[in-house]
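[1] Here you go, sequence then predicted model.
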Amino acid sequence: MNGRILPTGNRRASKRLGALFPALAALMLLASAAVGREIGPQSQVSLKQVEKLVGLWKDHFAGADGLQQRRTAFRALMETTPGPTRIQVRHVDADGVDAELMWPARLHHPIGQRVILYIHGGGFSGGSIRTHSLLAGSLAKATSSDVLLIEYRLMPEYTYPAQINDALTAYRWLLDNGYRSDNVIVAGDDAGGNIAIETVLRQMQAAKPLPAAVIALSPITDLAATGGSMTANANSDPLVGSTSIEALRKAYLGSRSPTDPQASPLYADMAGFPPLLLQVGSGEVLLDDTLRLADKARQAGVDVTTEIWPGMPHQWQLFPSLLDDADRSSQNIAEFAIRHFEDKPEE
């Protein structure tokens with residue numbers, strides 16, 4: 001068990017205090033996160049880098065209230081970032097799901113040994129291959145593996161469970177096209193983290209081959225938004241809030257219960273789930289979505305690695321051109337993936 005997880009006692013104390021003293025609770029979470037091996041405390045350079053990124057985020061999202069407006073704002077923000085370099089890309093039709101298969105330019109193959117199925121975030125309504133191509137390309141190079149980055153259907157045009165169905169189709173397409181399940185890792189951020197976990201849960205329910213591991217970055221695991229950090233971190237998270245979670249829940253689920261384990265993995269039976277890496281920023285409102293899922297999975301016998309990154313905003317991994325910590329966290333993701341691939345890349 002990796003030593004980066006916040007101690008249970010500290011989390012419970014922070015939640016109790018969070019109801020009364022949100023600012024104090026946030027400070028306690030930050031202090032506890034800094035204890036984690038290899039991570040924290042946040043440097044002054046990192047603080048300034050995050051301030052710049054948050055400013056850019058606010059500039060692009062000013063006045064973007066609806067799902068379509070936020071989709072457009074996210075696309076415009078990510079178009080200001082560089083694309084990947086030193087990779088090869090091939091467009092594929094994964095049984096009806098548009099996708100790009102990318103691999104390091106130094107490798108020469110149509111289908112490789114290892115692959116990461118990456119499911120982009122964006123609140124079920126935004127994000128695309130373009131918004132996440134830099135992260136995907138970086139992971140391909142760092143792991144010497146392929147990455148299948150999919151273009152799943154989005155809200156409001158398509159609601160639950162279209163997004164999960166597309167990811168599951170893409171996963172099974174990989175297995176049907178030369179990849180062994182023990183060389184496949186499923187990953188995603190934000191809503192993509194939710195979809196990644198739900199995809200694997202459905203594969204478990206069908207008693208079909210599971211991936212070697214799962215990676216979820218600040219995943220939305222509780223669409224009922226009951227975590228204490230929704231309140232405790234409300235003032236420290238400029239990007240996501242309980243109001244935005246409630247809005248996407250209504251659009252995504254309609255009348256379906258937000259505690260349905262088929263939609264919110266926090267309420268699912270995690271027994272038998274593959275090894276799981278979770279990353280989250282210490283000040284995110286989604287902090288408890290990560291920590292409670294980690295607790296539940298670990299109690300079910302899952303091999304869980306949890307990283308709490310001091311001061312990092314939501315989806316910080318997408319911005320290596322602005323944040324040194326994006327590079328650091330992506331390296332941790334790559335190291336986790338390499339450890340769990342059955343066929344390791346050559347040194």
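    On my side now, so go ahead. Numbering: from 1, shown residues only.
[2] Enumerate the beta-bridge partners assigned to the residue positioned nearest the centre of the chain.
    Centroid check for the chain by CA atoms, centre = their mean gives Asp189 as the closest residue, at 1.9 Å. Here Asp189 sits in beta bridges with Leu217, going by DSSP bridges.
[3] so it sits right up against Val240, yeah?
    No. Using CB atoms under 8 Å, Asp189 is not in contact with Val240, being 11.9 Å away. In short, each C-beta sits where N, CA and C put it, glycine included.
[4] Can you report how many residues neighbour His91?
    By the criterion of other CB atoms under 10 Å, His91 has 10 neighbours.
[5] So what pairs up with it in the strands?
    Here His91, judged by DSSP bridges, has bridge partners Glu100.
[6] roughly how far apart are it and Gly188?
    20 Å (CB to CB, to the nearest Å).
[7] for Ser242, same thing?
    From Ser242 over to Gly188 (counting by CB to CB), the distance is 22 Å.
[8] between those two, which one's more packed in?
    Gly188 (28 against 16).
[9] Phe124 is in contact with that one, correct?
    No. In this structure Gly188 lies outside contact range of Phe124 using CB under 8 Å: 11.3 Å.
[10] average pLDDT across the helix or strand where Gln49 lies?
    Here Gln49 sits within helix 44-61, counting by DSSP states H and E. pLDDT averaged over helix 44-61 equals 94, rounded to a whole number.
[11] all helices of the stretch 101-250 of the chain, in order?
    Ranges of helices in the stretch 101-250 of the chain, per DSSP state H, counting those that start in this stretch, are 129-143, 162-176, 191-205, 229-232, 242-253.
[12] Redo those helices as TSV? Include distance to Gly83 and mean pLDDT.
    Below are the helices of the stretch 101-250 of the chain laid out as TSV (distance: least, CB to CB, whole Å; pLDDT from 0 to 100):
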stretch	distance to Gly83	mean pLDDT
helix 129-143	6	96
helix 162-176	22	98
helix 191-205	19	98
helix 229-232	33	94
helix 242-253	27	92
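[13] out of the ones you listed, nearest to Val184?
    Closest to Val184 of the helices of the stretch 101-250 of the chain is helix 162-176 (CB to CB; 5.7 Å).
[14] Not counting its own residues, what contacts the helix holding Gln49?
    Contact with helix 44-61 is made by 70, 73-74, 76-77, 80, 238-239, 311-313, 316, 319, 322-325, as judged by CB atoms under 8 Å, 6 or more residues apart in numbering.
[15] Next secondary structure after it?
    Per DSSP H and E, the helix or strand that comes after helix 44-61 is helix 67-78.
[16] Buried residues in that next one, which are they?
    By neighbour count, and taking 16 or more other CB atoms under 10 Å as the criterion, the buried residues in helix 67-78 are 67, 70-71, 73-75, 77-78.
[17] What are the contacting residues of that helix?
    So helix 67-78 is in contact with 56-57, 60-61, 63-64, 122-123, 125-128, 130-131, 154-156, 247-248, 251, 318, going by CB under 8 Å, 6+ apart.
[18] do stretch 192-211 as well
    Counting by CB under 8 Å, 6+ apart, residues outside stretch 192-211 touching it are 117-122, 127, 152, 163-164, 167-168, 171-172, 175, 181, 184-188, 214-221, 261-265, 268, 272-274, 293.
[19] okay, now the nearest residue in space to Ile215 that is not next to it in sequence: neighbour count?
    Nearest non-adjacent residue to Ile215, counting by CB to CB, 6 or more residues apart in numbering: Ala187, 3.8 Å away. Counted by other CB under 10 Å, the residues lying close to Ala187 total 26.
[20] Ser255: what secondary structure?
    coil (DSSP: H, G, I helix; E, B strand; the rest coil).
[21] Just the buried residues of the helix holding Gln49, please?
    By neighbour count with 16+ other CB under 10 Å, helix 44-61 contains the buried residues 46, 49-50, 53, 57, 60-61.
[22] repeat for stretch 228-248
    228-234, 236-237, 239-242, 244-245, 247-248.
[23] ditto for stretch 173-180
    For stretch 173-180, a neighbour-count test (16+ other CB under 10 Å) marks 173-174, 179 as buried.
[24] which residues touch it?
    94-95, 97, 111, 113-115, 117, 148, 181, 184, 209, 342.
[25] Using TSV, lay out these together with pLDDT and neighbour count.
    Output for the contacts of stretch 173-180, formatted as TSV (pLDDT from 0 to 100; neighbours: other CB atoms under 10 Å):
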residue	pLDDT	neighbour count
Ala94	98	22
Asp95	98	13
Val97	98	20
Ile111	59	13
Gln113	88	18
Arg114	96	26
Val115	97	27
Leu117	98	26
Leu148	98	26
Ser181	98	16
Val184	98	26
Pro209	98	13
Glu342	96	12
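[26] what's the closest of the residues you listed to Val285?
    Leu117 (26.8 Å).
[27] chain center to the helix holding Gln49: distance?
    From the chain centre to the centre of helix 44-61 is a distance of 20 Å (CA atoms, centre = their mean, to the nearest Å).
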